[in-house]
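Visitor: just need the structure, nothing else, for what follows:
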Amino acid sequence: MKNLYLILSAGCILISSVSCKKSDKKDTTSDVPEISVATPVVDSIVLHKTYPGLLGASDHADIVARVNGTLQAVNYQGGSYVKKGTVLFTIESTKYRDAVQQAQASLATAKSQLEYATKNYQALSEALKSDAVSQIEVIQAKASMEQAAASVKNAEAALSQANLNLSYCTVRAPIDGYVASNLVNVGEYISGEGAPVQLSHIYDNKKMTAVFNIEDAQYEEMIGQNGGMEHSLYRNVPIKFAQPLPHSYTADLTYQSPSINSSTGTLQLKGSITNIDNELKDGMYITVELPYGVNPKAILIKDASIGTDQLGKYVYVVNDSNKVVYTPIKIGELYQDSLRVVNEGLNPSDRYVTEALLSVRNGMTVKPNPTK
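Guide: Reported below is the predicted structural model:
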């Protein structure tokens, strides 16, 4: 009876041991993590190179005073939009009104003298026919008439200048646009006759100009591969800002400098931009994404799946044995805000880890879960 008990006890121990081993094996399988993977997207894309640039209003002008006098009025609100010809400033005009009256009087005197000299010449010319006067008298009368005519022209020019100076007392907008705050206050004396004094500045922001510089090698590539600025690639060039704006913007390249700057080795380009809802302002910093070619079979992966270490950029690839492989790559530009071009290190058929990069390591066995 005692031996039977020992046999039964040993059997139980053996069964328990086998059961535990099976349980352990099951737990090991469940420890393999499930990792999201994807294969690269292969697509034809336009390649870009980014350059810093600056925005400027296509049409702008200084508003200046060209006469002397006290500023009597500022007739606009800083930052407001005005039409060409709108009165912006009024300068004391008494001195210039008096000058106009004096010029008008001088012109009237000159015209009267011309009329007298003309009649005198005509009368002496008739008298000469009957030898009532000498030839020298007629010549002198003609000279007096011509001198009087010149005096009229001088008086007319003086009156024109006086009227012009008087008009400068009323400073008008030279173009349509937004006017900056006034630089001179009411009551201040302005000395604009010697040199124009700036009163403000006006910007026509309907069209903006993007100004940026490229390397001479990039210019050579533009010419060699794409035929220059007339190529369709250089229409609708993307423009980016430090912070996203409500609207997206593109530029049509319209100008290239006729020469390379020898000190910097760069060429200046300009592009025209339509300013939607007056969002863009003169002086804004921009990034120009200049196209330079087409890659018909670009390898694209999610930008968020790329890691960075001391050796550079890398991704984790899951091989045929479902093991994680650390894979260095060389990347290109960002595409459609979320995809990154991979220039080297990845094949179109490779499965790369798309998320949870911190939870995987090189050589780790995983259960890949394909995602789009």
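
Visitor: what sits against the closest residue to residue 59 other than its chain neighbours?
Guide: Excluding the flanking residues, the one nearest residue 59 by C-beta to C-beta, 6 or more residues apart in numbering is residue 204, at 3.9 Å. C-beta: built from backbone N, CA, C; applies to glycine. Shown in contact with residue 204 (C-beta atoms under 8 Å, 6 or more residues apart in numbering): 57, 58, 59, 60, 175, 176, 177, 178.

Visitor: where does residue 204 sit: helix, strand or coil?
Guide: Following DSSP: H, G, I helix; E, B strand; the rest coil, residue 204 is assigned to strand.

Visitor: gap between it and residue 87?
Guide: 18 Å (C-beta to C-beta, to the nearest Å).

Visitor: about what we covered before: now, the most widely separated pair of the contacts of residue 204?
Guide: 58 and 178 (13.0 Å; C-beta to C-beta).

Visitor: so residue 361 sits in a helix?
Guide: No: read with three-state DSSP, residue 361 is coil and lies in no helix.

Visitor: just the local confidence number for it, please.
Guide: On the pLDDT scale, residue 361 is placed at 90.

Visitor: is it true that it touches residue 323?
Guide: No: counting by C-beta atoms under 8 Å, residue 361 stays clear of residue 323, with 10.5 Å between them.

Visitor: more crowded one of those two?
Guide: Taking neighbours as other C-beta atoms under 10 Å, residue 361 and residue 323 compare with residue 323 leading, 13 against 10.

Visitor: hang on, the more buried one packs against residue 363?
Guide: Yes: the pair residue 323 / residue 363 is scored as a contact, 6.1 Å apart, by C-beta under 8 Å.

Visitor: rewinding a little: if you rank the contacts of residue 204 by neighbours, which is first?
Guide: Going by other C-beta under 10 Å, residue 57 tops these with 23 neighbours.

Visitor: mind checking the SS state of residue 200?
Guide: Criterion first, three-state DSSP; result for residue 200: strand.

Visitor: who touches it in this structure?
Guide: Shown in contact with residue 200 (C-beta under 8 Å, 6+ apart): 62, 63, 78, 88, 89, 179, 180, 181, 182, 183.

Visitor: can you put the contacts of residue 204 in CSV and add secondary structure, pLDDT and distance to residue 211?
Guide: Shown next, in CSV, are those (DSSP: H, G, I helix; E, B strand; the rest coil; pLDDT from 0 to 100; distance: C-beta to C-beta, whole Å):
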residue, secondary structure, pLDDT, distance to residue 211
57, strand, 93, 11
58, strand, 89, 11
59, strand, 92, 15
60, strand, 93, 13
175, coil, 95, 20
176, coil, 95, 22
177, strand, 94, 19
178, strand, 95, 20
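
Visitor: pick the one among these closest to residue 187.
Guide: Checking those one by one against residue 187 (C-beta to C-beta), the nearest turns out to be residue 178, at 25.5 Å.

Visitor: hang on, the closest one packs against residue 205?
Guide: Yes: Residue 178 lies in contact with residue 205 (C-beta under 8 Å); the separation is 6.2 Å.

Visitor: which residues do those two both contact?
Guide: residue 278.

Visitor: run a quick neighbour tally on residue 223.
Guide: Quick note: residue 223 (other C-beta under 10 Å) scores 12 neighbours.

Visitor: so where does it fall, helix or strand?
Guide: helix 216-226 (DSSP states H and E).

Visitor: try residue 99
Guide: Using DSSP H and E, residue 99 falls in helix 94-129.

Visitor: any buried residues in the helix or strand just after that helix, and which?
Guide: Once the chain leaves helix 94-129, the next helix or strand it forms, by DSSP H and E, is helix 135-167. For helix 135-167, burial by neighbour count (16 or more other C-beta atoms under 10 Å) applies to 138, 141-142, 144-145, 148-149, 151-152, 155, 158-159, 162, 165-166.

Visitor: also stretch 181-191?
Guide: 182, 184, 190.

Visitor: how far away is the last one from residue 92?
Guide: When you say that, I think you mean residue 190. 9 Å.

Visitor: quick check: neighbours shared by those two?
Guide: 69, 70, 71.

Visitor: now, which of those lie within strands?
Guide: Secondary structure from DSSP state E places 69, 70, 71 of the shared contacts of residue 190 and residue 92 in strands.

Visitor: how about JSON lines for those, with distance to residue 292 and neighbour count added?
Guide: Below are these laid out as JSON lines (distance: C-beta to C-beta, whole Å; neighbours: other C-beta atoms under 10 Å):
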{"residue": "69", "distance to residue 292": "57", "neighbour count": "20"}
{"residue": "70", "distance to residue 292": "58", "neighbour count": "13"}
{"residue": "71", "distance to residue 292": "53", "neighbour count": "21"}
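
Visitor: closest to residue 130 out of those residues?
Guide: Nearest member of these to residue 130, counting by C-beta to C-beta, is residue 69, at 60.0 Å.

Visitor: sec struct for residue 171, please.
Guide: Residue 171 - assigned by three-state DSSP - is strand.

Visitor: if we can go back for a sec, and the helix holding residue 99, what's buried?
Guide: 96, 99-100, 103, 106-107, 110-111, 113-114, 117-118, 120-121, 124.

Visitor: run the angle between that helix and helix 135-167 for me.
Guide: Interaxial angle of helix 94-129 relative to helix 135-167 (axes from the mean of the first three to the mean of the last three C-alpha atoms, to 10 degrees): 160 degrees.
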